[in-house]
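Student: Just a sequence and a predicted model for now, questions to come.
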2 protein chains.
Amino acid sequence: MTRDEALALDAADPLARFRAAFDLPDGVIYLDGNSLGPPPVALHGRMEAVTREEWGQGLVRSWNSARWIEAPLRVGGKIARLIGAKPSEVTVADSTTVSLFKLAAGALGLRPGRTTILSEAGNFPTDLYALQGLAALLGPDRARLKAVEPEALPDAIDEDTAAVVLTQVHYKTSRRWDLAAVTAQAHAKGALMIWDLCHTAGALAADLNGADADLAVGCGYKYLNGGPGAPAFLFVAERHQGQIASPLTGWMGHAEPFAFEDGYRPADDIRAMITGTPPILGLAALEAGLDLQLQADPRAVEAKGLALCDLFIGEVEGRAADPELKLVGPRDRDQRGLHVSFAHPAGYALVQAMIARGIIGDFRAPDIARFGFSPLFLSHAQAWDAAHALADILAGREWDQPRFHARAAVT
Amino acid sequence: MTRDEALALDAADPLARFRAAFDLPDGVIYLDGNSLGPPPVALHGRMEAVTREEWGQGLVRSWNSARWIEAPLRVGGKIARLIGAKPSEVTVADSTTVSLFKLAAGALGLRPGRTTILSEAGNFPTDLYALQGLAALLGPDRARLKAVEPEALPDAIDEDTAAVVLTQVHYKTSRRWDLAAVTAQAHAKGALMIWDLCHTAGALAADLNGADADLAVGCGYKYLNGGPGAPAFLFVAERHQGQIASPLTGWMGHAEPFAFEDGYRPADDIRAMITGTPPILGLAALEAGLDLQLQADPRAVEAKGLALCDLFIGEVEGRAADPELKLVGPRDRDQRGLHVSFAHPAGYALVQAMIARGIIGDFRAPDIARFGFSPLFLSHAQAWDAAHALADILAGREWDQPRFHARAAVT
């Protein structure tokens, strides 16, 4: 592809108008929206309104007058539209890790007698840690985490499996699980399916109810552009509401939070999965991201993102002569998410050399240079430029400088 | 006391200068900082810097360059100075409810063979709910919540008590537990002491280490003025660090979060109590509140707050002739916190009638009108004015209007 051909694709891109709706620095090609999405321009006015008007002028009254108390369900309802759920099936609460703990504990309760939570070795670590923590708390008679290589799934699902926990798009390899197929495999053995949609929501047009999924969690600060450490979302299929018990019971999940009763009585709907007081500033930022995202057709978002990945992979592989550079994960667009990972022995320095050129990707140990293609603010020309920059850096061994090898705390 | 005498107290008040540092609406006497503190004026610039510069310009790089990754411990270290803890003993993470769940589960692990978590009937509900949820998850052989009337404490502490969980200042009655005395009573029976400092931090000059406390949680959005739904803090005494196990294990509590290992290995310090990605917007707002709070001497803050409460109680009781109005909780300033509760059959309407006069307190079911006296932004004259307004409203039955009886969702 020539750069002019990439520009022609941009000229015909129905999502191109979204670029101006993001507050991004000049001169940067931002290929890390899969780690932290950028702020929408509208975020700034929204935060001003929340801090100056709602908090500063409304004070405590804003729990009612500004509808803060409804924010977890209101924002959850907006996320629902992106993941094929009903608005009443999604709420925003806590972090992804805490949310997964709730759902995994709840799943064990829904499958009495079963003790295994099955996941994938090499899944995003915090998912495995949450499940390990739950198993350690409950003890081996009640819960154990079994993490198998992806090739061993779904055969590892058995009659002791209470729940299968998988991240739909793998954070390193970009490999994508088929929501409907794996859910059906879990159900065939009587297990529940818990999806982690961290790298899905806002990227791929997921259909949780179409897949008959049971439970799901996901991240607010990646493709949803909800801000650093944005609260997570969780999904409970309608058929499990009123049945599943959260272990993290708090006043916001009570049937009548302001009755101030000593005894916990869960709400009979998705609110039962909420624990503490909603984080209003984080919710407001997340809502600003969603209000922008919802202006785009999720299928168009997915299609453009996959096209950007194809373009990037094609241009890198077509031009980079370095035999040590290897695409990680599937090449087939139907089997991947919206980030592209290349393994290279100098992966860390390679990412730093790209950043020095204003192209921000990230590094994942031990050797992966990872580039995310958020469809709303990236252009085909940027994907082309990034690919050619990577090829040039490899060709000239531009990464081989001491300044590109100094490790920062977070990479 | 005359109003001129109250004004004279204000003229001599070393904390009077703090009023100008808060963004509060004109014409309002804000007696609900114990539910939601107001924003510092400096909050607005701080949020602009975080959203426009750190997030918008720095993007994902700000985890390092803006030191986001250190925020939970940095902000925790600031809270430590208000509660008599070492900076290394406090972190900010999750909600109060989730934090209490972590500490209570951790306490059970530190006291193997003991199954009782002892608390107070009528404690703030979310504390009881968190403990009920933990007990329900673990089952009666491993954990049970025993909530007794406050008069029955400390005699209810026994050899089966793993931990005593008390809120130092009661959310309704303002009754204050003696940190050191109760902690010693718990220790005498081999139990751990977990303090909820929601109505203490930023109000009373607590000394956790002086009291030999084991564990504590507290709220960011009350007297710390950290914003609606601000993240909570938790304290783990140094001697328990590396010993206590959090059940909510996540990547941010791992010894090496960015090693992306499959197996959880906890950090050997307070970081082990962190779970998910830190909520940066909420942390930034909380830090703005703390940076202001730390300019005041905690003992001066406590002394002024207690004086405001004394003034308010004295003026209300000296003037209000309504025999149905009853002070709830202790009158003695050594046994109370910084809010004053009056029970009245028309408590809800009474609060609404006060709000109609620009004096914002809150209602707590079934009949309590609650008024909080945050020392940093309130004056003696405001306490005087509020007391006289309350007396006038009672004298004229001003509350007895239909518009003051319509209930909002959150009260």
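Tutor: Received the coordinates, thanks.

Student: In contact with A:Arg19, which residues?
Tutor: A:Arg19 makes contacts with A:376-379, as judged by Cβ atoms under 8 Å, 6 or more residues apart in numbering or on different chains. Every residue, glycine included, has its C-beta placed from N, CA and C.

Student: do A:Leu281 as well
Tutor: Contacts for A:Leu281 were tallied using Cβ under 8 Å, 6+ apart; they are A:47, A:50-51, B:47, B:227-229, B:281-282, B:285.

Student: And the contacts of A:Arg19, which is closest to A:Gln352?
Tutor: A:Leu378 (20.7 Å; Cβ to Cβ).

Student: which non-adjacent residue is nearest the closest one?
Tutor: A:Leu308 (6.0 Å; Cβ to Cβ, 6 or more residues apart in numbering or on different chains).

Student: May I ask you to confirm that the one you found belongs to a helix?
Tutor: Yes - assessed by DSSP: H, G, I helix; E, B strand; the rest coil, A:Leu308 belongs to a helix.

Student: got the residues of the stretch 251-400 of chain A near chain B?
Tutor: Counting by Cβ under 8 Å from any Cβ of the partner chain, the residues of the stretch 251-400 of chain A close to chain B are A:251-254, A:258-264, A:275-283, A:285, A:355, A:360, A:362, A:364-365.

Student: Narrow those residues to those in helices?
Tutor: Counted as lying in helices by DSSP state H, out of these, are A:280-283, A:285, A:355.

Student: a markdown table for the contacts of A:Leu281, including distance to A:Arg111 and pLDDT?
Tutor: A markdown table is the format used below for these (distance: Cβ to Cβ, whole Å; pLDDT from 0 to 100):
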| residue | distance to A:Arg111 | pLDDT |
| --- | --- | --- |
| A:Met47 | 42 | 98 |
| A:Val50 | 41 | 98 |
| A:Thr51 | 44 | 98 |
| B:Met47 | 44 | 98 |
| B:Gly227 | 40 | 98 |
| B:Pro228 | 37 | 98 |
| B:Gly229 | 33 | 98 |
| B:Leu281 | 37 | 98 |
| B:Gly282 | 35 | 98 |
| B:Ala285 | 41 | 98 |
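
Student: Give me the subset of those residues lying in strands.
Tutor: Within those, no residue falls in strands by DSSP state E.

Student: on that earlier part again, tell me the one of the ones in helices among the residues of the stretch 251-400 of chain A next to chain B nearest A:Gly37?
Tutor: A:Ala285 (10.4 Å).

Student: Might one say that the closest one is in contact with A:Ala49?
Tutor: No - taking contacts as Cβ atoms under 8 Å, A:Ala285 lies outside contact range of A:Ala49: 11.9 Å.

Student: Have a look at those two and say which one is more surrounded.
Tutor: Each of A:Ala285 and A:Ala49 has its neighbours counted (other Cβ atoms under 10 Å in any protein chain shown); A:Ala285 has more, 32 against 13.

Student: burial measure for the closest residue in space to that one that isn't next to it in sequence, as a count.
Tutor: Nearest non-adjacent residue to A:Ala285, counting by Cβ to Cβ, 6+ apart: A:Gly227, 3.8 Å away. Counted with other Cβ under 10 Å, residues neighbouring A:Gly227 total 31.

Student: where does A:Ile194 land in three-state SS?
Tutor: Classified using three-state DSSP, A:Ile194 is strand.

Student: What's opposite it in the beta bridge?
Tutor: Here A:Ile194 sits in beta bridges with A:Val165, A:Leu215, going by DSSP bridges.

Student: Now for it: which residues touch it?
Tutor: Going by Cβ under 8 Å, 6+ apart, A:Ile194 touches A:100, A:103-104, A:107, A:163-166, A:214-217.

Student: So for it, what pLDDT did the model give?
Tutor: You'll see A:Ile194 listed with a pLDDT of 98.

Student: per-residue confidence for A:Thr411?
Tutor: 46.

Student: what's the answer for A:His405, then?
Tutor: 88.

Student: Could you state which residue of chain A sits nearest its centroid?
Tutor: A:Cys198 (1.8 Å; Cα atoms, centre = their mean).

Student: wait, that one sits on A:Gly220?
Tutor: No - counting by Cβ under 8 Å, A:Gly220 is not a contact partner of A:Cys198; they are 9.4 Å apart.

Student: before we move on, the earlier item: next, format the ones in helices among the residues of the stretch 251-400 of chain A next to chain B as JSON lines and append distance to B:His339.
Tutor: Shown next, in JSON lines, are these (distance: Cβ to Cβ, whole Å):
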{"residue": "A:Ile280", "distance to B:His339": "22"}
{"residue": "A:Leu281", "distance to B:His339": "25"}
{"residue": "A:Gly282", "distance to B:His339": "27"}
{"residue": "A:Leu283", "distance to B:His339": "27"}
{"residue": "A:Ala285", "distance to B:His339": "31"}
{"residue": "A:Ile355", "distance to B:His339": "51"}
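
Student: Now the two most distant members of those residues.
Tutor: Maximum distance among those (Cβ to Cβ): 33.7 Å, for A:Ile280 and A:Ile355.

Student: between the two, who's got more neighbours?
Tutor: More neighbours surround A:Ile280 than the other of A:Ile280 and A:Ile355, with 28 against 18 (other Cβ under 10 Å).

Student: Check whether that one really touches B:Gly220, as I assumed.
Tutor: No - judged on Cβ under 8 Å, A:Ile280 makes no contact with B:Gly220 at a distance of 11.9 Å.

Student: Report the set of residues contacting both of the two.
Tutor: B:Gly227.

Student: Show me where the stretch 51-200 of chain A has its helices.
Tutor: In the stretch 51-200 of chain A, the segments counted as helices under DSSP state H, counting those that start in this stretch are A:62-65, A:71-80, A:96-110, A:125-138, A:179-188.

Student: For A:Phe363, list each beta-bridge partner.
Tutor: A:Ala369.

Student: burial of it, as a residue count?
Tutor: 21.

Student: likewise the one 3 residues further on?
Tutor: By other Cβ under 10 Å, 11 other residues sit near A:Pro366.

Student: Check the gap between the spatially closest residue to it that is not a sequence neighbour and chain B for me.
Tutor: Distances taken as Cβ to Cβ, 6+ apart put A:Gly347 closest to A:Pro366, at 7.7 Å, once the chain neighbours are dropped. Using Cβ to the nearest Cβ, to the nearest Å, one gets 13 Å for the distance from A:Gly347 to chain B.

Student: Name the residues of stretch A:151-170 that are buried.
Tutor: A:153-154, A:156-157, A:160-170 (16 or more other Cβ atoms under 10 Å in any protein chain shown).

Student: er, stretch A:20-36 I mean
Tutor: Buried residues in stretch A:20-36 (16+ other Cβ under 10 Å): A:22-24, A:28-36.

Student: which two in those residues are spaced the farthest apart?
Tutor: A:Asp23 and A:Asn34 (18.1 Å).

Student: Can you name every helix or strand that the lowest-mean-pLDDT helix or strand in chain A contacts?
Tutor: Ranked by mean pLDDT, DSSP states H and E, the helix or strand of chain A with the weakest confidence is strand A:362-364, at a mean of 93. Contact partners of strand A:362-364 among helices and strands, from 3 or more Cβ pairs under 8 Å, 6 or more residues apart in numbering or on different chains; DSSP states H and E: helix A:347-356, strand A:368-372.

Student: which residue packs closest to the closest residue to chain B within the stretch 251-400 of chain A, ignoring adjacent ones?
Tutor: Per Cβ to the nearest Cβ, A:Gly276 is where the stretch 251-400 of chain A lies closest to chain B, at 2.5 Å. Nearest residue to A:Gly276 in three dimensions, chain neighbours excluded: B:Ser95, at 2.5 Å (Cβ to Cβ, 6+ apart).

Student: Is the one you found in contact with A:Asp94, as I believe?
Tutor: Yes - contact criterion Cβ under 8 Å: B:Ser95 and A:Asp94 qualify, at 7.2 Å.

Student: Mutual contacts of those two, please.
Tutor: Listed as contacting both B:Ser95 and A:Asp94 by Cβ under 8 Å, 6+ apart are A:275-276.

Student: Check what pLDDT A:Ala130 gets.
Tutor: 98.
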